[in-house]
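Undergrad: can't give you the sequence, but here's the structure:
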């Protein structure tokens, strides 16, 4: 998932993405709908969608600042 593509996403679309992730986690672990999803996501080592986007964006900026990105991406991350 490209983090920069999701940075300005509307709240309702973000919730739909989270619902898809939750459904995938339940399917993989055979967890029922009545059980809380947070422990399931932790068991799978999955971040919730919003946190995943923030993390990937932070990694991208870190790599840009430390010259670890291709030039065409680093130019978009100039301070």
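TA: Good, I have the coordinates. Just so you know, these numbers come straight off a predicted model, no measurement behind them.
Undergrad: wait, residue 26 sits on residue 32?
TA: Yes: using C-beta atoms under 8 Å, residue 26 is in contact with residue 32, at 7.5 Å. Placement of C-beta: from N, CA and C, glycine included.
Undergrad: who has more neighbours, the two?
TA: residue 26 (15 against 7; other C-beta atoms under 10 Å).
Undergrad: check which helix or strand covers the more buried one.
TA: helix 11-29 (DSSP states H and E).
Undergrad: Buried by neighbour count: which residues of the helix or strand that comes right after that helix qualify?
TA: Remark: after helix 11-29, the chain's next helix or strand is helix 38-44, criterion DSSP H and E. Going by neighbour count (16 or more other C-beta atoms under 10 Å), the buried part of helix 38-44 is 40, 41.
Undergrad: try stretch 51-63
TA: 52, 53, 56, 57, 60.
Undergrad: From residue 7, how far out is the residue nearest to the spatial centre of the chain?
TA: Geometric centre of the chain, nearest residue: residue 52, 2.4 Å, by C-alpha atoms, centre = their mean. Distance of residue 52 to residue 7, computed by C-beta to C-beta, to the nearest Å: 12 Å.
Undergrad: Let's test this: name the helix or strand in this protein with the lowest mean pLDDT.
TA: helix 71-74 (a mean of 75; mean pLDDT, DSSP states H and E).
Undergrad: circling back to that earlier point, next, the angle from the strand or helix carrying the residue nearest to the centre of the chain to helix 11-29.
TA: Using DSSP H and E, residue 52 maps to helix 49-65. If you take axes from the mean of the first three to the mean of the last three C-alpha atoms, to 10 degrees, helix 49-65 sits at 100 degrees to helix 11-29.
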